[in-house]
Each structure stands twice: as structure tokens, then as C-alpha cells.
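Asker: have a look at this prediction, sequence included:
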Amino acid sequence: GGSPNETSFTAMHEKDIFPSAPCHLPSAFFVEALTVSSPEWFYQWQWHQELPVTSQEIPPGAILILSDRSYLGTTLMGMFAAEKHSVYFVIPGEKFQKCSEGEGKFTFTIDTANKGDYEKVLKAVEADNLKVTAVIHLWNYNSVVGNEFDLLEQNLHQGVYSVLFLSQALLKVYPHHPIRLFLVTQNAYATRPGEAICGLHQSMAATLAQVLDEENPTIETQVVDVTPEISAPEKLADIIFQQLKAKPPAEGIVALRNGQRFVRTLEKISLSSHPNNLPLLKSGETCLITGGTSAVGTEIALSLASQAPINLVLTGRHPLPAKEQWGNLADSATKQRIQVIEKLERLGATVMYQTVDVNDVEGMQRLVSNIKARFGKLDAVIHAAGVSGTTFMLKTEEPETFAKVLAPKVQGTIILDAVTQNEPLKFFILLSSVAASKAKWGAGIGDYAVANTFLDSYAVYRTQRNASGKSLTINYSLWRDRGMGAILGESAS
């Protein structure tokens, strides 16, 4: 929402964002009238109906269907001409196995968390003197996440890491061979107000597919998001088959709703430029900012402190020495964090700094207990903690690096929400990135784009369950000389 003194969250850094990547608010929020100092910065995804596009033939070769031999899978398989396409099923299991189904048909079982198993599948297909020309990824379809903590294990491996491992294997085995990757999701996107989303990992897989397409000219990806209304396997199989032959839209995502085909475009939205003099927080209220002494977290804390004498709780991964030792420090990073605290205190804020990892459930629980013991209650949360992307192409990224970037945005967000769910929050704000908004902005920092996509979906999910406070994600572009902007330097342009 708007903030006073012409310093809203998306405009507080004096126009230091790069103009090629504007601020973006995820479309599911359908912003009403906001008050900002730079309304020209704001964009939002808008979904528009599109007529079916000209179809293109699927090149002959092997088709991989990541699904079991359900009625949907077998119906889909029957749509491919046997003389042109050999269909293989790939199903999750404990280890790699190739099982014959008779009549020259085979099913592979793989450990979805083992990246080597994906390459074994392609090598086995190659041993049959075939090359994979298309992959249909159905593991996210009908993927029900009963509890958000389920995302920490199986769903991420099967729904997200599988896309990474599969693509890496395809690029290794077929470095110059064109392949279509077709990803099916279910309610991963909200195309209109009130539309539910489910399976928060699904949009992460979609962003991953988009970035892989952008980074690799031999891979053409398309994401098709469906709803439970398309329940008949025959109908869904026909939709998948027809969309597989369709040329993907510019952003590579199609949403099917009530028999209509929707695509999205990033469009400027109209916001009020009239000043709003009401502070976000009143005197004596308390705001928690994770990553609060980071470059971006600092700017936000300074803006809030300039509005009213509030309590600011800042978290970081590095401890601070006792206050009496602050005048005799050699470590520049520690001195910088201390200077931030001192500047906030000069503005009238009461500052509490606590060393805690947002991925540590017990540590975050202790943090909230300490906040309530000192200040009585917690009024607002801003999640600014994160790990910068690797600036490497996804085809070379190791899963450990990928997981490190995801952790504070995925696990950290879930934990932060869980430990503050009973607090009387005014707002719960997640700082995301435009890297998650368009494939070309995520290319080269795909892990970072995927991690921030989760934040976009989580704010919608949090709103749907009527969680305490206004849920909002803001997708910033790079802040010049701050955060990822400072890390990437001139390469950001």
C-alpha cells in the first residue's frame, strides 16, 4: 500500500532502479488505489483471452511422459502415431529401473532426487536407437500439498528439481538436438480476483522451465495451467496433445479456464500520485525485518524509522559484539551493521538486533518470543532475507547451490509465516524480484528467479487463507549499488 512522505516501499530509493526492469506486483493482488511518489514504476500481469494458434508437427522420435500409466497417461500415449513416436513413461520410485510392458513398450522408474537417473533414462532411450523429441511433465498435475511444510521435501524434488535435473540431462545428452518440454500445472496461477491457487511449488517449476527456454535455444518450453473442471482424462489428454503442437506464447504460459485459452502480458497499472500522510506504522508499534541490515533491508528500515518512532527488529546471520565494544572494531561489515543501528536510533527508533537463520524453526520461535517479551506484540513483518543467485546458467548448476538460494525464500517464508501466524499483524510483506516476472530477466540468475516466484505465489496463498495482516509481494527491479544490483555490477545492464 501507500506510505507517507512520498516514500512507499517501491519508490523509496530515489529512482535508482534500472529502467529496463520495472517494479512488478503479482497479478493475483489486483491492486486497488495506492498512493506512491513514482506511479510510472508499477506493472502487473494481466490475463487476456487468446484464440488457438497455428499448430506445428511434433518431430518423430521418442516421447517421454513423466506420469504413471494412469488412464490420462495411456490416453495421451494413444494419441501419438506409433510409426512416428515411441512413448516411454517415467514414474517416481526408489531407484532407476527399466521395466518392459510388452509389445516394445517400456516404463522407467527413477529416484526423482537423483540427477543421474534422468541421464540414465535418456541413455536407455538412445540404446533403442531413438532420440527424445518431446517431454510431457505431469508430475505437478493433481499434486496436492496438504500442508505447506510438505514443500520442504517430496514436492520440491518431484515438482521442481525434476525440471532442473531433466533439462540438464537433455542438454548433456543432446547438446544440439531440439526438444520440446511441456509442463502441466493445476491452479498454479490466479487469472482473476478470487481464483484459488494450490501447490505453491508449481509456479516455481514453471519459472524454471521459462528460464531454461531463455538460456538454451535448443529447448522450447510451454507451461499449461489447468483447473479441476477439466477432470475427464480424455478431454485433458486431447488438450495436452493439441497444446503440445501449438506454438508457445511470448511468455510460454497458457492458462485454460472454462474452455478458454488465456495468456498474460506485463502491463503498466494506474496508481494515485496524491500524497498520503498516514504512516505505515504508528508510534510504539513493532516491525520485524528479516535481513534487516542488508543493503535493501537497511533502506526499508530507514524509511519506516523516518515516519514514526517505532520498534524495529532486525535479523541477520552474523552476531554483533556487546555495545561497549562498538567503538573499537576492525571488521568493516560489522561496523556497517552497527552504523545502520545507530542511524536508526538517531531517527527515534528502538532497535533490537538478533542473530537467527530464517530456516531455523526453533530460532525463529525464540525470536518471536523475545519480541513479545520486550515489546508486547508484533505489528508487521517484512521478509527481506535472501541469498543472491549464482549468475550461472542453470544447465551447469549443482543442486546444492540451487537449494542454498531457495532456502531463505521458500523454507524461510513458510517458517516466518508459521511463527507469526497468531500475531495481530498489519501487513506481511515479501520482497521479491522482477527476475521472477519475465524469463529474460531471470536468465543467468534462474535459481534466484525460481526462489522469488515462490514469494509471489505465497502472498496469494496467504491472502486466500485470511492470514493476519495484508499479504503483499513486491517484485523489485535491481537497486543500483544495493543488493543484487551491487553484486552484479555492470553486468546487470
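Answerer: Looks like it came in fine.
Asker: what's near enough to touch the spatially closest residue to residue 254 that is not a sequence neighbour?
Answerer: Excluding its sequence neighbours, the residue lying closest to residue 254 (CB to CB, 6 or more residues apart in numbering) is residue 224, at 5.0 Å. Where you see a C-beta, it was placed from the backbone N, CA and C, and this is true even at glycine. Residues in contact with residue 224, defined by CB atoms under 8 Å, 6 or more residues apart in numbering, are 182-185, 239-240, 243, 253-256.
Asker: can you name the next helix or strand after whichever strand or helix holds residue 224?
Answerer: Using DSSP states H and E, residue 224 falls within strand 219-226. Scanning forward in sequence from strand 219-226 by DSSP H and E, the next helix or strand is helix 233-245.
Asker: any idea of the angle the helix or strand that that following helix is followed by forms with helix 233-245?
Answerer: Moving toward the C-terminus from helix 233-245, the next helix or strand (DSSP H and E) is strand 253-257. For strand 253-257 against helix 233-245, the angle by axes from the mean of the first three to the mean of the last three CA atoms, to 10 degrees is 150 degrees.
Asker: and residue 55, what does it touch?
Answerer: 242, 245-247.
Asker: may I ask which of those has the most neighbours?
Answerer: Using other CB atoms under 10 Å as the neighbour test, these are led by residue 246, with 16 neighbours.
Asker: leaving out chain neighbours, which residue sits closest to it?
Answerer: Nearest one to residue 246, counting by CB to CB, 6+ apart, is residue 53 at 5.1 Å.
Asker: what helix or strand does the one you found sit in?
Answerer: Here residue 53 is assigned to no helix or strand, by DSSP H and E.
Asker: now do the one 10 residues further on
Answerer: For residue 63, the enclosing helix or strand under DSSP H and E is strand 61-66.
Asker: show the subsequent helix or strand relative to that strand.
Answerer: Heading C-terminal from strand 61-66 (DSSP H and E), you reach helix 71-77.
Asker: what residues sit buried inside that following helix?
Answerer: For helix 71-77, the neighbour count (16 or more other CB atoms under 10 Å) marks 72-77 as buried.
Asker: next: stretch 118-134.
Answerer: Quick answer for stretch 118-134 (16+ other CB under 10 Å): 118-122, 125, 130-134.
Asker: and residue 128, what does it touch?
Answerer: Residue 128 makes contacts with 62, 86, as judged by CB under 8 Å, 6+ apart.
Asker: any idea how far it lies from residue 106?
Answerer: Distance of residue 128 to residue 106, given as CB to CB, to the nearest Å: 8 Å.
Asker: just the strands in the stretch 151-300 of the chain please.
Answerer: 179-186, 219-226, 253-257, 260-268, 286-290 (DSSP state E, counting those that start in this stretch).
Asker: from the contact counts, what lies against the longest one?
Answerer: Taking 3 or more CB pairs under 8 Å, 6 or more residues apart in numbering; DSSP states H and E as contact, the helices and strands that strand 260-268 lies on are strand 42-49, strand 253-257.
Asker: about what we covered before: redo the buried residues of helix 71-77 as JSON lines? Include distance to residue 373.
Answerer: Shown next, in JSON lines, are the buried residues of helix 71-77 (distance: CB to CB, whole Å):
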{"residue": "72", "distance to residue 373": "54"}
{"residue": "73", "distance to residue 373": "55"}
{"residue": "74", "distance to residue 373": "60"}
{"residue": "75", "distance to residue 373": "60"}
{"residue": "76", "distance to residue 373": "58"}
{"residue": "77", "distance to residue 373": "61"}
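Asker: now those as TSV including pLDDT?
Answerer: Shown next, in TSV, are these (pLDDT from 0 to 100):
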residue	pLDDT
72	86
73	85
74	86
75	90
76	91
77	89
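Asker: which among these gets closest to residue 352?
Answerer: Proximity of the buried residues of helix 71-77 to residue 352 (CB to CB) peaks at residue 72, which lies at 53.3 Å.
Asker: enumerate every residue touching that closest one.
Answerer: Applying CB under 8 Å, 6+ apart, the residues contacting residue 72 are 138, 233, 236-237.
Asker: most surrounded residue in the residues you listed?
Answerer: Busiest of these [other CB under 10 Å] is residue 138, holding 24 neighbours.
Asker: now that residue. Nearest residue, chain neighbours left out?
Answerer: residue 67 (3.9 Å).
Asker: cross-check the contact I'm expecting between residue 60 and residue 132.
Answerer: No. With contact defined as CB atoms under 8 Å, residue 60 and residue 132 do not form a contacting pair (11.4 Å).
Asker: residue 471 falls within a helix, correct?
Answerer: No. Counting by DSSP: H, G, I helix; E, B strand; the rest coil, residue 471 is located in no helix; its state is strand.
Asker: residues contacting it?
Answerer: By CB under 8 Å, 6+ apart, the neighbours of residue 471 are 427-428, 430, 459-460, 462-463.
Asker: for those, which one is nearest residue 89?
Answerer: residue 460 (32.8 Å).
Asker: the closest one: which element?
Answerer: helix 446-464.
Asker: returning to that earlier point: so of the contacts of residue 471, which two are at opposite extremes in space?
Answerer: 427 and 460 (15.0 Å).
Asker: the more surrounded of the two?
Answerer: Just comparing residue 427 and residue 460: by other CB under 10 Å the higher neighbour count belongs to residue 460, 21 against 18.
Asker: distance of the more buried one relative to residue 469?
Answerer: Separation of residue 460 from residue 469 (CB to CB) stands at 15 Å.
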